[in-house]
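> sequence and predicted structure below; questions after.
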Amino acid sequence: MGVRLGRLKLANPVLVASGTFGYIRELAAYVPLDRLGGLIPKTITPRPRAGNPTPRTVETPCGLLNAIGLDNDGIDHFIAHHLPYLRTIRTAVIANIAGEDEDQFVAMAERLSAEPGLAALELNISCPNVTHGLDLGVDPTIVRRLVGRVRRASDLPIIAKLTPNVTDVTVIAAAAAEGGADAVSLVNTFKGMAVDWRRRRPILANDIGGLSGPAIKPLALRMVWEVQRALPNLPIIGIGGIWTADDAMEFLVAGASAIQVGTATFADPGAAGRLLEQLPAKIAELHVSRVSDLVGTLRSNREPDPVPPSVEPSRRIS
């Protein structure tokens, strides 16, 4: 069940998505934290943020629309109050960081790299609900430079969390790889809107938000597959509507080396643990012994089936 994402080794491919699992301790009663492949607390920023005004979540058909706005306690509080607890969990803890500009990302990376207990950094350059959040992740030149600067500032493995709200996500993923990212997370939420037609107003106070959940799974799968085919040596973490072990298997064969469980946690706090328990049986159905043997094995219907190796006829011994 072990997987490798560049320099980052994980015990298994099941992680929890930033922003859906709080600071981790809140879900300890529902999920065997030590058994998961990795834990990603909610995004932290240089200073505390109150987030956007309410209402900032609304349920939609097959999904959730949110405009939280990176509500968090800031890096000082994270290091002083949350990181000591996270160090006690016997699995990979990945800090998700966001800044308003490149310098803030670099400063946070430098500071967190000096703290023991973190396995990697996930760069949130893709949040659609904050000013100076989404725009950093849509320009390949900025993505390449930002990832490169963080890579030089930190000795931790670097994961770039990418937005789907671009014309061609493979271009952004290539830029992250060129900057030195060990892996990319695909994908963050899709920009969307919910409307109260009687009031003739958007339901979210922020007007627009990010759509997650089962509704986006087909779109996320397509993007994972496209990036894997364009950049076969770049490890991918699949995100988007993963609810069951079957969902996880779809992302693995499409090209993801690991997956993150996100919105499912809101409906079923134990979703990540349940999925992890079911996954080995699903893998066994394909008669492989390692998760890595599954990754990227999806073939287009336009491609011929592989030709089996020729077998030399047996020779009778007289």
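Ah, there it is.
> next SSE after the helix or strand harbouring Arg152?
Using DSSP states H and E, Arg152 falls within helix 140-153. Proceeding N to C from helix 140-153, the next assigned helix or strand is strand 158-161, under DSSP H and E.
> that older thread, distance between the helix holding Arg152 and the chain's centre?
Distance, stretch centre to chain centre, for helix 140-153: 19 Å (Cα atoms, centre = their mean, to the nearest Å).
> buried ones in it?
For helix 140-153, burial by neighbour count (16 or more other Cβ atoms under 10 Å) applies to 140, 142-144, 146-151, 153. (Glycine included, C-beta is placed from N, CA and C.)
> stretch 61-70 now?
For stretch 61-70, the neighbour count (16+ other Cβ under 10 Å) marks 63-70 as buried.
> among the residues you listed, which are in strands?
Mapping these onto strands (DSSP state E) picks out 63-66.
> tabulate those in a markdown table, adding columns for pLDDT and distance to Asp196.
As requested, those are exported to a markdown table (pLDDT from 0 to 100; distance: Cβ to Cβ, whole Å):
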| residue | pLDDT | distance to Asp196 |
| --- | --- | --- |
| Gly63 | 95 | 18 |
| Leu64 | 97 | 17 |
| Leu65 | 97 | 13 |
| Asn66 | 96 | 17 |
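> format these as JSON lines; extra columns: distance to Ser257.
Listed next are these as JSON lines, based on distance: Cβ to Cβ, whole Å:
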{"residue": "Gly63", "distance to Ser257": "25"}
{"residue": "Leu64", "distance to Ser257": "26"}
{"residue": "Leu65", "distance to Ser257": "29"}
{"residue": "Asn66", "distance to Ser257": "27"}
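> of the residues you listed, which is the nearest to Ile283?
Closest approach between these and Ile283, by Cβ to Cβ: Gly63, at 27.6 Å.
> so who does Leu10 touch?
Residues in contact with Leu10 (Cβ atoms under 8 Å, 6 or more residues apart in numbering) are 2-4, 37-38, 92, 258.
> PyMOL command for the buried members of those?
Provided next is the PyMOL selection string for whichever of the contacts of Leu10 are buried by 16+ other Cβ under 10 Å:
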select buried, resi 3+37+38+92+258
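> in strands only, show me the contacts of Leu10.
If you go by DSSP E, the contacts of Leu10 have 3-4, 38, 92, 258 in strands.
> need those residues in a markdown table with distance to Arg111 and pLDDT, can you?
Listed next are these as a markdown table, based on distance: Cβ to Cβ, whole Å; pLDDT from 0 to 100:
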| residue | distance to Arg111 | pLDDT |
| --- | --- | --- |
| Val3 | 28 | 97 |
| Arg4 | 27 | 96 |
| Gly38 | 21 | 98 |
| Ala92 | 19 | 98 |
| Ala258 | 26 | 98 |
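> confirm Asp15 sits in a strand?
Asp isn't right for residue 15; it's Leu. Yes - according to DSSP: H, G, I helix; E, B strand; the rest coil, Leu15 belongs to a strand.
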